[in-house]
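Asks: For reference, the sequence and a predicted model appear below.
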Amino acid sequence: MRYITNIFLKGLGATLPIILTFYLLYWLGSSIEQLLKPIMLSLLPEGIYLPGIGLLSGVTAIFCIGLLVEAWLIKHLFSFSQKLMTKIPVVKSIYNALRDFVEYFTRPSEGDDGKKVVIVRIGEARLIGFITAETMGLIKTDPGEELVTVYLPMSYQIGGYTLHIPERMIEPLDMSVEDAMRLVLTAGMSK
């Protein structure tokens with residue numbers, strides 16, 4: 001019985017991520033289609049509407065918004081609205097988390113976004129972290145001691161720690177940011 005259960009769990013582990021990924025994409029596409037279908041039916045002549053036009057118009061609208069955000073006036077209005085969202089008590093927590101999540105996946109990658117994967121030594125423990133910045137005098141330290149900002153994410157994206165530590169406490173790690181993130185966020189359970 002244990003053998004059958006293990007085989008079933010292996011099959012589930014192999015298919016579930018694929019099924020959920022495609023389901024999420026399907027759900028997103030059909031949600032956009034359902035949202036924009038009434039608008040497209042009212043704008044297009046009768047009989048012209050085909051399934052998928054709502055999705056296509058949604059993708060086109062998002063692309064146009066991306067172009068508009070590059071314009072000076074719109075960029076400043078968008079920046080103002082972002083600042084406003086970050087000042088409303090409950091909204092700011094939700095907005096900041098979603099914005100950071102979306103930016104992580106939509107930011108164009110330049111190598112590994114300039115982040116370096118490092119091992120942080122804290123006593124006998126070794127933690128995987130990401131250098132996000134050099135403090136360069138932002139924090140007062142002993143003369144000649146350079147601090148770096150290292151983000152230590154917690155497993156399953158429930159938070160993390162930002163440390164400003166001396167360079168002597170870190171060692172570079174020959175690993176891509178994506179592989180290191182996967183290792184940390186899944187608590188070492190991913191392959």
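Replies: Happy to help now that I have it.

Asks: so residue 118, which of the three states?
Replies: At residue 118 the chain is in strand, as set by DSSP: H, G, I helix; E, B strand; the rest coil.

Asks: Would you map out the domains in this protein?
Replies: Annotated domains of the chain cover 2-70, 77-107, 116-185 [automatic domain parsing].

Asks: just the helices in this protein please.
Replies: 2-43, 53-69, 72-85, 89-106, 177-185 (DSSP state H).

Asks: Reformat the ones you listed as a markdown table; add mean neighbour count and distance to residue 170.
Replies: C-beta here means a position set from N, CA and C on the backbone, and glycine is covered the same way. A markdown table is the format used below for the helices of the chain (neighbours: other Cβ atoms under 10 Å; distance: least, Cβ to Cβ, whole Å):
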| stretch | mean neighbour count | distance to residue 170 |
| --- | --- | --- |
| helix 2-43 | 11 | 33 |
| helix 53-69 | 14 | 36 |
| helix 72-85 | 11 | 32 |
| helix 89-106 | 10 | 22 |
| helix 177-185 | 17 | 13 |
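
Asks: strand partners of the lengthiest strand in the chain, parallel vs antiparallel please.
Replies: Longest strand in the chain, counting residues (DSSP state E): strand 125-134. Sheet partners assigned to strand 125-134 using DSSP bridges are listed as strand 116-122 (antiparallel), strand 147-153 (antiparallel).

Asks: what comes up buried for the last one?
Replies: For strand 147-153, the neighbour count (16 or more other Cβ atoms under 10 Å) marks 147-150, 152-153 as buried.

Asks: With residue 44 as the reference, measure out to residue 29.
Replies: Per Cβ to Cβ, to the nearest Å, residue 29 is found 19 Å from residue 44.

Asks: tell me which strands and helices the helix or strand of the chain with the lowest mean pLDDT is in contact with?
Replies: The least trusted helix or strand in the chain, going by mean pLDDT, DSSP states H and E, turns out to be helix 89-106, with a mean of 75. Contacts defined by 3 or more Cβ pairs under 8 Å, 6 or more residues apart in numbering; DSSP states H and E place helix 89-106 against helix 72-85.
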